[in-house]
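> Just a sequence and a predicted model for now, questions to come.
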Amino acid sequence: MVDSFQTDFLNLSSKHLTIKSTVSTTPLFRNKAFLNQKYTVEGLTARQIAVLIGCGHSCINAALDRFDIKKKKQPSGWLTYGTKMENGKRVPHVRERMVIESILCKRKAGWSYQKISDWLSNRGIETPAGQTLWYHSTVRRIHDRVVDSNIC
């Protein structure tokens, strides 16, 4: 709901001075134009918009659904092996990418996941958990993720 207030002041230097004031009593998460501007044009996340206007991000997500504003796929909080955070953005981790390329090359050469994990362990290369003992399941998960997403 929008309330308008208009007053004419005759005792001021200008003869016909009009002041218009508009006060909106509608919460911003119910304003489609506002949400579209912040989310689509400015690229803010639902969480950032929620902090900006003082409500929960679930409220913003529900409003985006209600207004049929197409939601962007946001990456999860977990960093996948081969990426790192730099200045608040995900960027490739060069050393880990080299390990991924080694895994791909060895799989193409016919090596088993177990043989690759033994090779990585013997070289002292750190796992995603920071250990030096690799398991075949870890190698397989990294390989499958890379092949499925066409990262390399």
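It's in. Residues are numbered from 1 along each chain as shown.

> Which residue ranges make up the domains of this protein?
For the chain, automatic domain parsing gives the domain ranges 2-66, 83-149.

> okay, these in a markdown table with mean neighbour count next?
In this view, the C-beta of every residue, glycine as well, is placed from N, C-alpha and C. A markdown table is the format used below for the domains of the chain (neighbours: other Cβ atoms under 10 Å):
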| stretch | mean neighbour count |
| --- | --- |
| domain 2-66 | 13 |
| domain 83-149 | 14 |
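
> weakest of those in terms of mean pLDDT?
Here the lowest mean pLDDT among these goes to domain 2-66, at a mean of 79.

> Adding distance to residue 73 as columns, could you present the domains of the chain in TSV?
Formatted as TSV, the domains of the chain follow (distance: least, Cβ to Cβ, whole Å):
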stretch	distance to residue 73
domain 2-66	12
domain 83-149	13
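
> Identify the residue nearest residue 34 in space, chain neighbours excluded?
Nearest residue to residue 34, sequence neighbours excluded (Cβ to Cβ, 6 or more residues apart in numbering): residue 28, at 5.1 Å.

> surely that neighbour meets residue 53?
Yes. Between residue 28 and residue 53 there is a contact at 4.6 Å, judged by Cβ atoms under 8 Å.

> need the contact list for residue 132.
Taking Cβ atoms under 8 Å, 6 or more residues apart in numbering, we find residue 132 in contact with 121, 124, 125, 126.

> One more pass at 6 Å, please.
Contact partners of residue 132, counting by Cβ atoms under 6 Å, 6 or more residues apart in numbering, are residue 124.

> So it lies in a helix, does it not?
No. Judged by DSSP: H, G, I helix; E, B strand; the rest coil, residue 132 forms no part of a helix; its state is coil.

> That one and residue 117: what is the separation?
Using Cβ to Cβ, to the nearest Å, we find residue 132 at a distance of 11 Å from residue 117.
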